[in-house]
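> Here is my input; please provide its structure:
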Amino acid sequence: MDVITLEAKGRVAGKVATKAARREEQVPCVLYGQGEEPRIFQIPEISMRELVYTDQFHRVSINLDGEAYDCVLKRTDFHPVTDSIIHADFYVLHPGENVTIRVPVHFNGIAEGVREGGVQQEFVHKIAVTCLPKNLPDFIEVDVSSLTIGQSILVRDISVEGVEIKAPGDSTLVSIDRPRAIIVVEEEEDEEGLEGEEGEEGEGAAEGSEASEKEGGEKK
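Model (predicted):
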């Protein structure tokens, strides 16, 4: 697993100081962990981007006041309008202590059902796991190549050595569905067939009626 090193700078607590940091494009952060005294600091927002905007999970080394902390990014808050990073929480790792964290889920391969025209529906892109720091995965890999139309992969179908998946076993990760367009076309064809049959019967009845009228006229 790659480790991203971030250079941090201590900051003053309070709303005024926090707003000032954000104006300077700094992200206010908190560092905490079991047996750790919480520390507040700030990191340039540009330095956070490679950690936040990625499809892989990374460990973090935070250099603060001459000391390095082995951490994971626990939470990130974004501005509701600009989507810029406005706050981040980091959790300190200890070798013998389990940590619970959300990691990305990667769906690999091309499903047989997709080759047949099915649609792949992905329901989970991150999932919570609990494990020792040494077992933290960059991501959870899920192979979908054997799935046919109508099949799915559930949480209970995957396993990673040394890692406990913290999600209900019957939760769906991915499924291959029948395209809706195919169903609609079939229904439309059926309806058109029924209308055609009714039309033919109606025309036949009308022709029979006209013939009867003509015969009756001739008899008179």
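> Report how many residues lie close to Lys15.
7 (other Cβ atoms under 10 Å). Heads up, the C-betas are built off the backbone N, CA and C, glycines and all.
> right, I mislabeled it, should have said Val12
Counted with other Cβ under 10 Å, Val12 comes out at 11.
> In this structure Ile127 contacts Pro168, no?
No: between Ile127 and Pro168 there is no contact under Cβ atoms under 8 Å: 11.0 Å.
> Averaged pLDDT, whatever helix or strand Asp70 lives in. What do you get?
For Asp70, the enclosing helix or strand under DSSP states H and E is strand 67-78. Average pLDDT, strand 67-78: 93.
> so what secondary structure elements neighbour it?
Packing contacts for strand 67-78, counted by 3 or more Cβ pairs under 8 Å, 6 or more residues apart in numbering; DSSP states H and E, involve helix 45-52, strand 59-64, strand 85-92, strand 99-108.
> shared neighbours, Ile127 and Pro168?
Common neighbours of Ile127 and Pro168 (criterion: Cβ atoms under 8 Å, 6 or more residues apart in numbering): Val155.
> The two: which is more packed in?
Ile127 (19 against 10).
> Can you check what pLDDT the model gives the more buried one?
At Ile127, pLDDT is 95.
> Could you check what's spatially nearest to the most centrally placed residue in the chain, not counting adjacent residues?
Against the mean C-alpha coordinate of the chain, by Cα atoms, centre = their mean, the closest residue is His125 at 2.8 Å. Among residues not flanking His125 along the chain, Val105 sits closest, at 5.7 Å (Cβ to Cβ, 6 or more residues apart in numbering).
> do His87 as well
Asp77 (4.1 Å).
> where do the helices sit along the chain?
Applying DSSP state H to the chain gives helices spanning 15-23, 45-52, 112-115, 180-219.
> Ranked by average pLDDT, which of those helices falls at the bottom?
Mean pLDDT per stretch puts helix 180-219 lowest among the helices of the chain, at a mean of 51.
> Quick check: end-to-end length of stretch 79-86?
Criterion Cα to Cα, to the nearest Å; first-to-last residue distance in stretch 79-86 is 6 Å.
> whoops, I mixed them up, stretch 100-120
Per Cα to Cα, the first residue of stretch 100-120 is 29 Å away from its last.
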